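>>> sequence and predicted model, in that order:
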Amino acid sequence: MRINYEISSWMGTTAFVFCGFLAISFEALEIVYVVFSLCIFCIGLALSAVAFLKSLELSRHQIVTTSDLFLLSVSFPKRSRVALWASFTANLIAGILLASFSTSTNFAFGILASVFPIGNVNMWAISHGSFRERKNH
């Protein structure tokens with residue numbers, strides 16, 4: 001089963017923003033927002049960890065840099081880079097705006113949710129990236 005990390009990132013961001021607007025509108029849903037934010041934060045951490053472990057395995061035969069995993073070097077398709085980083089940007093801005101519009105400190109947890117798109121960026125890079133061959137001596 002192959003996961004489309006671009007769609008996954010946008011689905012998570014959309015669900016996060018929707019949950020945030022519901023929590024702003026209905027105070028009783030703030031705890032749902034906090035739990036959801038922490039859950040997708042943890043999923044993003046797990047995705048990043050898996051991508052890092054895969055990069056360690058790959059690095060025996062290919063040159064995998066941190067910038068390849070996080071910044072998506074220019075050798076990757078522009079459409080994918082834009083889609084993934086736009087999801088991160090939307091998620092981060094939504095988290096900051098939701099926290100600034102609310103008087104509750106619970107909304108600060110939303111800023112952590114931006115780790116989810118980063119995890120998708122990392123997984124996309126390690127799954128779809130092509131890296132230079134390492135010259136073994």
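Arrived safely, thanks for sending.
>>> which of the residues in the helix or strand harbouring residue 37 are classified as buried?
Assigned by DSSP states H and E, residue 37 falls within helix 30-58. With burial defined by 16 or more other Cβ atoms under 10 Å, the residues of helix 30-58 counted as buried are 30, 33-34, 36-37, 40-41, 43-44, 47-48, 51, 54-55. In this view, the C-beta of every residue, glycine as well, is placed from N, C-alpha and C.
>>> and that helix, how far from the chain's centre?
8 Å (Cα atoms, centre = their mean, to the nearest Å).
>>> which other helices and strands does it contact?
helix 5-25, helix 66-70, helix 115-128 (3 or more Cβ pairs under 8 Å, 6 or more residues apart in numbering; DSSP states H and E).
>>> residues making contact with the shortest one?
Think helix 66-70. 51-52, 55, 73, 118, 121-122, 125-126, 129, 131 (Cβ atoms under 8 Å, 6 or more residues apart in numbering).
>>> export these as CSV, with columns for distance to residue 88 and pLDDT.
Formatted as CSV, these follow (distance: Cβ to Cβ, whole Å; pLDDT from 0 to 100):
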residue, distance to residue 88, pLDDT
51, 15, 92
52, 17, 90
55, 19, 86
73, 16, 66
118, 6, 95
121, 7, 91
122, 11, 91
125, 13, 87
126, 17, 88
129, 17, 74
131, 22, 75
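>>> just flag the most distant two among those.
With Cβ to Cβ as the measure, no two of the contacts of helix 66-70 lie farther apart than 118 and 131, at 19.4 Å.
>>> who has more neighbours, the two?
Taking residue 118 and residue 131 together and counting by other Cβ atoms under 10 Å, residue 118 has the greater number of neighbours (23 against 18).
>>> looking at it, residue 119 is touching residue 46, isn't it?
Yes: Residue 119 is within contact range of residue 46, at 7.0 Å (criterion: Cβ atoms under 8 Å).
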